[in-house]
Structures are given as C-alpha cells and as structure tokens.
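**Student:** Sequence and predicted structure, then a few things I'm wondering about:
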Amino acid sequence: MLIKYIIVDLHALFRDIKNRILDTISFKTISANRKTVNKNWVLVDADGQNLGRLASKVAILLRGKHKPNFTPHVDCGDNVIVINSKKINLTGNKWEQKKYIRYTGYPGGQRSLNALEQFEKNPNSIIEKSVKGMLPKNKLGADLFRNLHVFTDSEHKFEAQKPSSIDLNKVN
C-alpha cells in the first residue's frame, strides 16, 4: 500500500516539475495594438531605384512586416518619406507601354496615360500608385497609405521628425 502512494506521489512530483519547466520556456504570442506600437520615421531615396522593387520594400516598411511584433490587423508600420521620385527607373519599354487607366464615371469616359505622360504630369503619382496597389484593399490599407509621403526632390517638410535613412539595397 505504501509503495502505491509513493508511486502516485512521484507521478505528481514529476508532473509539477514538467509543468514548471514548460512554463519557463513557453513563448507568449505578442499581439500589438495602437497603444503598444512603436512607429518610426524612415527616409528612402528613390534615386536610381527600380519602381517595383522600391514599391514592394516601401510597402513592407509601411505595413510593419519587418518588425518582430507584426500584427496583421494593426497599423504597426513606419512613416515613410520617399525623396527624389523624379529619378526613378523603369526597365524595358515600360515608359511607353505601361498604362495608367482611370474612369470618369460617364459612358465612354475611360482615360489612359502611359507612364511617361503620367510621370510628366506628376512624378510622385507613379510611386504612390504602385505602393498603394501593394497594400491591403480595406480601411487598414487606407490608413497605411496616409503614412507615405513622396517628394520629387531631396527637400521634404519632415526634418523635425528626424527620419532615419534606410538603404533599400540592404533591406530584404
């Protein structure tokens, strides 16, 4: 009888030890929210960059996917400033063949511009449209897009935020 109680007590002891070990090495999933998010200001230079590669890296920065506490339903990305948008590259024949199509809302109101015409009209819009297409198509995507600021030359109005410069060639 005594041996039976000792065996039961040993099982209980081992179970307690196992639970203590698992509690100390278990990892908790951290879910960010609006109050716990750490938003930074980032400066990106578009000089000599290809449009699609620049846009995908900027979209990752805006979304916050480069941070360890990324949460899909929260705006945990950084505020991104893109300078020198007039020095962007498009490869191949995209300057003539790429179309930007819009619709006025009236019958026969479909309008289109090629990339060169759109660039001459507003160089910032090419980067803005390509980044916006890589963000979620919902309210969160609209909020994320408001964190993007594109400027045609190296001058911008966010010097007071002290943005940190990022080299996109080193960002994944």
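**Tutor:** Done, it's in.
**Student:** And the strands in this protein?
**Tutor:** 41-45, 79-83, 99-103, 110-114, 148-150, 164-166 (DSSP state E).
**Student:** Please name every helix or strand in contact with the last one.
**Tutor:** When you say that, I think you mean strand 164-166. Strand 164-166 is packed against strand 41-45, with contacts defined by 3 or more CB pairs under 8 Å, 6 or more residues apart in numbering; DSSP states H and E. Glycine gets a C-beta too; all of them are placed from N, C-alpha and C.
**Student:** how far out from the middle of the chain is the strand it packs on?
**Tutor:** 13 Å (CA atoms, centre = their mean, to the nearest Å).
**Student:** Restrict that strand to CA atoms and write it as CSV.
**Tutor:** Once non-C-alpha atoms are left out, strand 41-45 reads as follows in CSV (Å, rounded to 0.1, in the frame of the first residue of the first chain):
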residue,chain,number,x,y,z
TRP,A,41,10.1,57.9,-39.4
VAL,A,42,12.1,56.4,-42.3
LEU,A,43,13.7,58.2,-45.2
VAL,A,44,14.1,56.4,-48.5
ASP,A,45,16.0,57.7,-51.5
